[in-house]
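>>> Model the following, please.
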Amino acid sequence: MTTNEDTATTWNYTVSDVETAVSCSGSVSVTSSNTALLPVANITKSGTAPTCTLSLTPVANQNGTSTVTVSVTDGNGAIVKDQFVFTVTPDNDSPVISNITDQTTAEEWSPTELRRRS
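From the prediction side, this is the model:
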């Protein structure tokens, strides 16, 4: 899965179990291998089983990859895991410059006057 820097994205998936009920929030856990790019707090789970959604929001102005692991646990304690690579491509951010205040110089001033006189 790929997204641009500073852009959230969603991933849809399904969960089910023939023996017990599973939910998109309580039965599902998620980890990120690169929390500097994608902290777990920036991954939200939603939906109603069997149709679930993960919303992934990368940290602002960061790019790179993270392996996202999704685990589903059923009511009997059985666990299944799946992984995908989450890639954030860099943007060409505009440069930034501070405000430059107006400057005043004396008439007929020359930059050579700043040199130290020996």
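>>> Low-confidence regions, the protein specifically.
109-118 (pLDDT under 70).
>>> center of it, which residue is that?
Central residue of the chain (CA atoms, centre = their mean): P58, 0.7 Å from the mean position.
>>> so which strand or helix has it?
P58 belongs to no helix or strand when elements are defined using DSSP states H and E.
>>> ok, residues contacting stretch 38-53?
10-16, 21-25, 27-28, 30-32, 54-59, 66, 68, 86, 88 (CB atoms under 8 Å, 6 or more residues apart in numbering). All C-beta spots, glycine's among them, are computed from the backbone N, C-alpha and C.
>>> ugh, wrong one, stretch 12-24
27-28, 45-54, 70, 72-76, 78, 82.
>>> Pull out the buried residues from those.
The neighbour count (16 or more other CB atoms under 10 Å) marks 27-28, 45, 47, 49, 52, 54, 70, 72-74 as buried among these.
>>> Okay, and which of these map to strands?
28, 45, 47, 52, 54, 70, 72-73 (DSSP state E).
>>> Can you tell me which of these is closest to T105?
T105 has its nearest neighbour among these in L54, at 59.4 Å by CB to CB.
>>> Please state the offset of stretch 26-33 from the chain centre?
Once both centres are worked out by CA atoms, centre = their mean, to the nearest Å, stretch 26-33 turns out to sit 16 Å from its chain's centre.
>>> Buried residues of it, list them for me.
27-28, 31-32.
>>> related to what we said a few turns ago, from the buried ones among the contacts of stretch 12-24, pick the one nearest I100.
Once CB to CB is applied, the member of these that ends up nearest I100 is L54, at 45.1 Å.
>>> Could you pull up the residues touching that closest one?
Residues near L54 by CB under 8 Å, 6+ apart: 10-11, 13, 30, 43-45, 68, 70.
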